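**Q** Provided below for reference: sequence and predicted model.
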Amino acid sequence: MPDETLQIGITPWETLGAQDAETLCAQAQRAESLGFHSFWLPEGHFSSGGAGGAAPIPQPLLWHAAIAARTKTLRLGTTSYLLPIRNPISVAEEVAVLDRLSNGRVILGVGRGFRRDLFSAFSVDRSTKRDLFEAALAVMRDAWAGEPLTDDGDTPGAPSLLAPLPVQRPHPPIWVAAFGPKALEQAGRLGLPYLASPIETEEMLVANYAKHREILAEHGHDATPLAVPIMRTVFAHRDASVVARVRDALQRQAMALAKAPSAAIRRAGAADAEDFAIFGEPARVADELARTREKLGMTHLLARTQVPGADGDELLTALDALAEL
């Protein structure tokens, strides 16, 4: 393992219904003040057009640029920055600039995406997403390594190189968000850490992380120095009635997953709240995290702190309890 200390990062616990950067930055500042390791943003696109609901986060690196200006030590992570819909040189530049703005605090979780409307809107053939993902990653890594950006031998003068380069060398940590066997195989073949979907059951996680280590070995990669990040919904609270209310709401979420339109989500969806969430009074949560760490070799916990069934004050109390762990 890279570090014997479990690093705990969190996702936003308050939604951005008004596209409010201040709301997001204030949450990141609180996370830093509580001593959390990192702050993680998902990527989401497009509104459904209806009133209410959480706003999507379409450009997480831009949001993180605002957070970088308001924090000093907090690592800035993306849970799944979608490469197939972007120009890889632009991504390499933007990541390098954010790493400079934050003085080397970026962790880049990358993914492919799955929604049909996403690929349609960006004029990308959905069937090519894995090839596009891998090609983009290769271009980005070469650019960060200082390789020429073009191979046009007819261009006079010095070659075009990426500038500035990231603070972290050769580049910020890259984790591959994977949902399904093909994505898992791709992460292992590329020798990169695997970040599982947070809706997968513990049984599936055990199997997936074992398979990831097997694929790493098959392709000559050493798993020892790689991070083992686990994303889980976490809620720690001393009031048993609050925990019971949250547990019931999470159980309804589990039941909804079982009826999701996506077959992949239905297959991965948990039957019980305990299969995809860790909740209870703080001592129980601490015990569950220790057990999970032992079972999966977890180095980083990415805690989803926004849970149904809890009000704002209860979420903050749970956040404080998690920080104390």
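**A** Happy to help now that I have it.

**Q** Show me which parts of stretch 204-219 are buried, residue by residue.
**A** 204-205, 208-209, 212-213, 215-216 (16 or more other Cβ atoms under 10 Å). C-beta here means a position set from N, CA and C on the backbone, and glycine is covered the same way.

**Q** Closest one to residue 14 out of those residues, please.
**A** Closest approach between these and residue 14, by Cβ to Cβ: residue 205, at 27.4 Å.

**Q** Give me the below-cutoff pLDDT ranges for the stretch 101-250 of the chain.
**A** 152-157 (pLDDT under 70).

**Q** For residue 325, which non-adjacent residue is closest in space?
**A** Computed as Cβ to Cβ, 6 or more residues apart in numbering, the closest residue to residue 325 that is not its neighbour in sequence is residue 286, at 5.1 Å.

**Q** So which residues make contact with the helix or strand where the one you found lies?
**A** For residue 286, the element it lies in under DSSP states H and E is helix 282-296. For helix 282-296, the surrounding residues in contact (Cβ atoms under 8 Å, 6 or more residues apart in numbering) are 6, 202, 205-206, 209, 228, 230, 232, 234-238, 278-280, 298, 301, 321-322, 324-325.

**Q** Could you report the separation of the nearest residue to residue 304 once chain neighbours are set aside from residue 142?
**A** The shortest distance from residue 304 to any non-neighbouring residue, by Cβ to Cβ, 6+ apart, is to residue 233 (4.4 Å). From residue 233 across to residue 142, the span is 37 Å (Cβ to Cβ, to the nearest Å).

**Q** ok, the two, which is more surrounded?
**A** residue 233 (21 against 15; other Cβ atoms under 10 Å).

**Q** Just say helix, strand or coil for the more buried one.
**A** strand (DSSP: H, G, I helix; E, B strand; the rest coil).

**Q** Quick check: the gap between it and residue 38.
**A** 17 Å.

**Q** List the beta-bridge partners for residue 233.
**A** residue 277, residue 304 (DSSP bridges).

**Q** show me what contacts it?
**A** 198, 250, 276-279, 303-304, 307.

**Q** quick one: which of the residues you listed is nearest residue 109?
**A** residue 198 (12.1 Å).

**Q** Grab the nearest non-local neighbour of that closest one.
**A** residue 231 (4.1 Å).

**Q** my read: the one you found touches residue 302, true?
**A** Yes: contact criterion Cβ atoms under 8 Å: residue 231 and residue 302 qualify, at 4.1 Å.

**Q** If we go by neighbour counts, what in stretch 91-110 is buried?
**A** Those would be 91-96, 98-99, 101-102, 105-110, for stretch 91-110 by 16+ other Cβ under 10 Å.
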